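Participant: Here's a sequence, model it:
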Amino acid sequence: QAQLVESGGGLVQAGGSLRLSCAASGLTFSSYGMAWFRQAPGKERLFVAGISRNGASTYYADSVKGRFTILRVDGRNTVYLQMNSLKPEDTAVYYCAARIALAPTQDRVDYWGKGTLVTVSS
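Facilitator: Model (predicted):
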């Protein structure tokens, strides 16, 4: 059974950095596009960043371009989200997502993680 486990969330001051990790098991990692989504309190879950199966293509929400970087290490079955220059509006639960063959989108995700909370204080 496929499982995605996020880690690395926490409390950070505005302007700081965090790196989230998502460890995948129970699936052939190299066959899946991966992505990060986030859900702020009282709001819908939104796409943050995605990466193709081979890592050659990456995609970002406008709100995080230039600040966040997604990357994958297939040998570790892990996808990362490096978050720099964090803002209070980045506060959310961050979810890892997987989709067979293609990068996950808002409407198509095959597997979800349970999330990790990121809180950015002003």
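Participant: how close does the spatially most central residue of the chain sit to residue 122?
Facilitator: By CA atoms, centre = their mean, the chain has its centre lying nearest to residue 36, at 2.4 Å. Going from residue 36 to residue 122 by CB to CB, to the nearest Å gives 23 Å. (C-beta placed from N, C-alpha, C; glycine too.)
Participant: List the beta-bridge partners for the residue nearest to the centre of the chain.
Facilitator: Residue 36 has these beta-bridge partners by DSSP bridges: residue 49, residue 96.
Participant: Could you report the distance from residue 62 to residue 19?
Facilitator: With distances taken as CB to CB, residue 62 is found 21 Å from residue 19.
Participant: So for those two, which sits in the more crowded spot?
Facilitator: Neighbour totals were compared for residue 62 and residue 19, and residue 19 leads with 12 against 6 (other CB atoms under 10 Å).
Participant: so where does the nearest residue to the more buried one once chain neighbours are set aside fall, helix or strand?
Facilitator: Spatially, and ignoring its direct neighbours in sequence, residue 19 is nearest to residue 82 (5.1 Å; CB to CB, 6 or more residues apart in numbering). Following DSSP states H and E, one finds residue 82 within strand 78-83.
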